[in-house]
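Colleague: how would this look folded up:
(chains A and B)
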Amino acid sequence: MAILLKTTKVIEAQIDQFLDIVSDCALLFHMGVEDYLKERSQQFEDRLQRIRENEHKADDLRVHIERYLYEHTLIPENRGDVLAILENTDEVIDNIKDSMLQFSIEAPVLPDEVHDLVLQTAKASAEAVDHLAMAVRSFFRDLSAVNNYIHKVYFFEREADQLGEKLRRKIFSLEIDLAHKSQLRWFAIHLEKVSDYAQAVCDRLAIYTIKRQL
Amino acid sequence: MVFFFLLSGLFLGWSFGAKDTANVFGTAVESRMLAFKRAALICAVFVTLGAVLEGSGPSQTLNRLGVVNALGGAFTVALAAAITITIMVKLGIPVATTQTLAGAIIGWNYFAGRLTDFGSLATIASSWLIAPLMGCVFAALLFFIFKRYLDKTKLHLLEQDTYTRYGLIIVGALGAYALGANNIANVVGIFVPVTPFRDIHLPGLGSLSGETQLYVIGALSIVLGIYTYSHKIMKTVGKQLFRLTPITGLIAVIAETIVLALFSSQGLHALFVKMGIPPIPLVPVSASQIIVGSVIGIGIAKGGKNLRLDMLGRISIGWITAPVLAFGFSFISLFIVQNVFEQTVLQPSRYSFDYATLTQMKAHNIDIKKMYMVNGRMFDKEQTIYTKLKNDAKMQRQDILTVIRIAEINEFTVEIAKVRKQHLEEDLTAEQLQALSTLEGRKYRHRWQLKNDLAGLPGWQLYEQPSTTLEKEHNKSLETRLDKLARAFLTK
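Modeller: Below you'll find the predicted structure:
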């Protein structure tokens, strides 16, 4: 039996590796934002660098998995769905990297009053991505658990939305320049958007799960 | 000329290969789990093995419906069935080879003025209902078992895919084997009593009997059907009633294979008898109908949504139309072949109501006194006897059939050489063969006379009133052997 599964085990491991990267990126994102707020700029740059490396690794893995599935005509019924899931999840990593990069390039000055809300929004978004990785993992192994994780992704996405809205209101209530307010607004949106991407992947995942059911 | 006659059987084999094998590998090929070339190769090998190794069981059953006793008749009957199937396939209606052939054989019976054994017809026809129903039940049960197993084991999608792929290959191969064993009877079974082939002796390997050669050629025609046309039909299987995924496809094929095996395995049949369980008759059943039943079973297990009931209606129409159409085609073409092409489509039979036959009838509890209108006379049409006994003597159909079987004249001589030539000694025990040898050279006018003579000898005793399954099967098995022997002795 082990011989039959020799090649599939390799791909299974690569899919798991890909999802580990997604989960790592979510944690790095949360910790990176925290570093930025605590002005640990070197540590923040290190985390951004790790996210960049992870993004490359994830791209390579995704391309390899996709090619292998097509070349060996594996899972013909679900191949298209699996590829869509991997590609969309990969975009979440790209989005995390873009948000972090924006912090690095613009180096926005965040007043102390918004620190807590920024951290909470980043945490909610990171949780959404982490649960997305778990939902995708379950899609491959345990269909019955997928909806549980999807539910959590939706929860954290709503949480991130609400916190993001609060953050923007707070920004515009501060006694700072309008230009500064406008700049900070975009950062609030960047933080929220990470969870929006995770939710978009889950919308599709929910449909693919129904299709995969016996 | 003889080989030309076989062509219609091969046409039937081709249509069967194109149509029925698609039911075994259709879902695997269509869901791209298996390449067509590989599926066709596996199917070709296993259909041939099934046909050659286990094909004779169901052939016997179809022969009971009517023994087409001339090669020209067998040709026409097979041709009528093949044409009907081709028309139905072109119209996109799934149709059963067995039903079509049964319709065509009954057409021959009517043309030849012979009575159709409604008992055998009922056995065969009941299998047409029971087989899809069994497919439905097995598929639904398997669906729940698979669902539970997959929920419990939490297999990775890729591992599940690998297992499904190998499952489809293994079950497909078993299905193809069962299909070959069960349905070769449909393709060349009708030619068995009139096989034109002589035994071929292969040095060091034994010999190939005429019957086996027929099965090999039939299997080859099926293979041709697989390679030339089945790909087109595979595309429609699994989409007609319900869209199947590879796993539900696997479930449907497992259910189909189990049902086919139950209706064709001589080993399973013997095991059931040994265990005292009423055995399932060895009847050629329709793979198309079983797969329809299986797909419906899965559809119901999934909650009954998305089942295309309009398609079910179309299929049901096919179940009725095909045999009726084949009956009509068979009757008309027999008339044309006999009168326009001047070919022999039936061997004349004679029925004698003399002292010997009447005594035998009396022994079967037939009231011969009310048969005064036939007693002492000779007939050449079963239908004439039937009409007289039915209308004038007011006899029951089953009794009339018994009377006809007793009155039928089949002159033959016991020749052990013929038994050996047709490899029938493999079916007989040493004791039975020894008993048969004591009758060497003896001439008989009726089949039952041989049976009566053998009944007193060791190895041939029948149970007078069989009560258990084992006793009934013992009698049935002896009757089948006697039938084969008489047929062998009748061969010129």
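
Colleague: and residue A:137, what element?
Modeller: Secondary structure from DSSP states H and E places residue A:137 in helix A:112-141.

Colleague: Work out for me the element the closest residue to residue B:392 other than its chain neighbours sits within.
Modeller: Closest residue to residue B:392 apart from its sequence neighbours, by Cβ to Cβ, 6 or more residues apart in numbering or on different chains: residue B:373 at 5.0 Å. Where you see a C-beta, it was placed from the backbone N, CA and C, and this is true even at glycine. Secondary structure from DSSP H and E places residue B:373 outside every helix and strand.

Colleague: now stretch A:94-103, how far from the chain's geometric center?
Modeller: 11 Å (Cα atoms, centre = their mean, to the nearest Å).

Colleague: mind checking pLDDT for residue B:423?
Modeller: With respect to pLDDT, residue B:423 scores 67.

Colleague: got a list of contacts for whatever helix or strand residue B:51 lives in?
Modeller: Taking DSSP H and E as the criterion, residue B:51 maps to helix B:36-54. Applying Cβ atoms under 8 Å, 6 or more residues apart in numbering or on different chains, the contact partners of helix B:36-54 are B:17, B:21, B:24-25, B:28-29, B:169, B:172-174, B:176-182, B:184, B:187, B:212, B:215-216, B:218-220, B:222-223, B:226-227, B:230-231, B:234, B:264-266.

Colleague: pLDDT weak spots in the stretch 51-200 of chain B?
Modeller: B:55-64, B:190, B:193-194 (pLDDT under 70).

Colleague: what are the ranges of the strands in it?
Modeller: For the stretch 51-200 of chain B, the strands defined by DSSP state E, counting those that start in this stretch occupy B:200-202.

Colleague: ok and the residue in it nearest chain A?
Modeller: residue B:158 (4.2 Å; Cβ to the nearest Cβ).

Colleague: Wait, that residue touches residue A:140, no?
Modeller: Yes. Shown here, residue B:158 and residue A:140 form a contact pair, counting by Cβ atoms under 8 Å, at 7.5 Å.

Colleague: residues from the stretch 251-400 of chain B in reach of chain A?
Modeller: Neighbours of chain A within the stretch 251-400 of chain B, by Cβ under 8 Å from any Cβ of the partner chain: residue B:302.

Colleague: and the residue of the stretch 251-400 of chain B found nearest chain A, how many neighbours does it have?
Modeller: The minimum distance from the stretch 251-400 of chain B to chain A, using Cβ to the nearest Cβ, falls at residue B:302 (7.9 Å). Residue B:302 is flanked by 17 other residues according to other Cβ atoms under 10 Å in any protein chain shown.

Colleague: cool, residue B:431 as well?
Modeller: 12.

Colleague: Which strand or helix spans it?
Modeller: Using DSSP H and E, residue B:431 sits in helix B:430-437.

Colleague: one step back: OK, contacts around the residue nearest to residue B:392?
Modeller: Taking Cβ under 8 Å, 6+ apart as the criterion, residue B:373 is in contact with B:388-389, B:392-393.

Colleague: quick one: which of these has the most company?
Modeller: Comparing the contacts of residue B:373 on neighbour count, residue B:389 comes out first with 22 neighbours (neighbours: other Cβ under 10 Å).

Colleague: shouldn't residue B:388 be in contact with residue B:374?
Modeller: Yes. Residue B:388 is within contact range of residue B:374, at 5.8 Å (criterion: Cβ under 8 Å).

Colleague: on that earlier part again, from the contacts of residue B:373, which land in helices?
Modeller: Mapping the contacts of residue B:373 onto helices (DSSP state H) picks out B:388-389.

Colleague: Poorly predicted segments of chain A, please.
Modeller: A:1-4.

Colleague: Thanks again, I'm all set now.
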